Structure formats: C-alpha cells, structure tokens
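> have a look; sequence and predicted model below, questions after that.
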Amino acid sequence: MIDVVASEWLKLRSLRSTYYVMASLLSAVVLTGLSAFSISRYYDLNGPGGAPVGTGLSTSADVVFVLFGVLGVLAVSGEFQSGMIRLSLIRIRRPWMLIVAKAAVVAAVAAVAGQVLAFAAYFTAQAVVGARPIGASLSDPAALPEVLATGVGAAVAAVTGLCLATLLRSTAGALISVVAVMPGPAMIERFLPAPWNDWTGSLTITSLTRQLAGVPDSGAFGAAGAGAALLGYVVILILLAAAAITRRDA
C-alpha cells in the first residue's frame, strides 16, 4: 500500500494541473483582502453596524473548496481519458487500493495547502483591518478553530472531486458536478419546510467546516455532528468510487 501511495504522490506532483490549481488558490487571498478592504471602508464611513470581517475566511471559502474539488477531479480524470488507469490497475490486484491511495494523497496535499492558504487569508484580512474592531484575534474562541478547520474542509473537498471523477469517468462531467454539489444543499434548502431547510442548508462543506470550528450561527449541527457529516462524505464517496472501479472496466 505504501508503494501505491508513493506512486500516486509522484503522479500528482507530475501533473501541471496541480500547479495551476494551486496558483488559482491565490485568488482566494486576493478576494479576502478586497472584501476586508470593502468592509473596512464601510466602517470608516458609517461606523459600527455593518458586517464584521472576522477571520475573513467566509468570504472566499466557497471558491477555495470548489478549487480543491477541481484538484481532486484532475488527479484522476486524465488517467481515465488517456486510458493510463488500466496500467495502474494491472499492477494492483485490488482496485479499491488505488482509490484509497489517491484519496490519501489528494487529502493530504489539500489539507496542507488549505491550511497554508487559510493562514495567509486570515493574516491578509487582519492586515487590511488594522486597529479597527471588526477583525478577529486568534485568541477569540472560534477564530483559530475556524482557520484550522479550513484544512479539513479542503481535504474533504478534494476527496469529493476525486470520487466524482472516478464515478463519472469524465473530466467535464466531474467538474460540473463539483460546482453543482458544493453549494447544492444550500440551493435545495429554500424549497424545503422547517426544520428540513436548516438541516439541508447546513450540509455544504463550507457550512460544515464552520460548524466543526464552532463558529456561532453557522448551521444546525454542533461540532460533533459536523465532524460526523464530513467523515460521512469521505467514507460514502470512497466506498462508491471503490465499488465503481472494482465492478466495471476502467
């Protein structure tokens, strides 16, 4: 299994798309800075009463998780398109091991990159806010957990993209699915009665990540429920992807 993981790590490092996605993630830092500037400008002109900047992470979280989902898609979709996936499966007697190894690699890369990005976005927002009382110190109860939880959300998003690409075996289809699935529960909630709407809207990866950190008013679940839901995303999707690649031709 270790050899399979090492092989998948080499593949991910060899893909140009990996570096393109990582470069695109810098847009989240820019977006966070622009949002913090806009809110700070409103505070200077109108005083207290507007939305606070807080950690600044909520501004770009949806974009970040979609991009990590794209990273997961591109980690496997090219192999299906080129047929190289067959070579990988020939030397691995248990096809499910390939999916588990790929998931482990993209999750680890996304977690580390997401964590670095979260701290970069946080410090950018606080630098823009300056001495204004609309930012969030890392000593605040939910600030540091929110920053740290971003790495978890990034890993879940990357595994989601990987598994969707495995199930669909189409780059375009998987990319569209990632964009649709990430905000999907929040879009569905408006058509549901209470309390189903609150529960459904709380199931986005963005919302679950904030709930995991204990951010107030971020959703209907507590930290334990959010953690269980995120774990459920990963386990169910990996099981489905492993079953798909085991039972059908690559």
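Everything's here; your move. Numbers count the residues shown, from 1 in each chain.
> where in this protein is pLDDT low?
Within the chain, the segments meeting pLDDT under 70 span 87-88, 189, 196, 248-250.
> one more pass at 80, please.
For the chain, the stretches with pLDDT under 80 are 1-5, 7, 49-51, 79-95, 183-199, 201, 219, 247-250.
> in it, which helix is the longest?
Determined from DSSP state H, the single longest helix within the chain is helix 95-129.
> all strands for this protein, in order.
Assigned by DSSP state E, the chain shows no strands.
> all helices of it, in order?
2-14, 16-24, 26-46, 57-82, 85-90, 95-129, 143-168, 171-181, 184-188, 196-201, 205-212, 223-247.
> list the contacts of stretch 33-52.
53, 56, 59-60, 124-125, 128-130, 132-136 (CB atoms under 8 Å, 6 or more residues apart in numbering). In this view, the C-beta of every residue, glycine as well, is placed from N, C-alpha and C.
> how about it: buried residues?
Within stretch 33-52, the residues scored as buried using 16 or more other CB atoms under 10 Å are 33, 35-36, 39-40, 43.
> could I get these as JSON lines with distance to residue 24?
Shown next, in JSON lines, are these (distance: CB to CB, whole Å):
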{"residue": "33", "distance to residue 24": "16"}
{"residue": "35", "distance to residue 24": "18"}
{"residue": "36", "distance to residue 24": "20"}
{"residue": "39", "distance to residue 24": "24"}
{"residue": "40", "distance to residue 24": "26"}
{"residue": "43", "distance to residue 24": "30"}
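> closest to residue 247 among the residues you listed?
Checking these against residue 247 with CB to CB, the nearest one is residue 35 at 45.7 Å.
> which members of the contacts of stretch 33-52 define the maximum pairwise distance?
60 and 133 (22.2 Å).
> so between those two, which is more surrounded?
Legend: neighbour count by other CB atoms under 10 Å for residue 60 and residue 133, higher for residue 60 (25 against 8).
> ok, the closest residue to the more buried one other than its chain neighbours - contacts?
The shortest distance from residue 60 to any non-neighbouring residue, by CB to CB, 6 or more residues apart in numbering, is to residue 28 (3.8 Å). Residues near residue 28 by CB under 8 Å, 6+ apart: 60, 63-64, 67, 117, 121.
> same question for residue 237.
Contacts of residue 237 by CB under 8 Å, 6+ apart are 159-160, 163-164.
> mind running it again at 6 Å?
Contacts for residue 237 (CB atoms under 6 Å, 6 or more residues apart in numbering) come out as residue 163.
> that older thread, got a ChimeraX select line for the buried ones in the contacts of stretch 33-52?
Per 16+ other CB under 10 Å, the buried members of the contacts of stretch 33-52 correspond to this ChimeraX selection:
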select :53,56,59,60,124,125,128,129,132,134,135,136
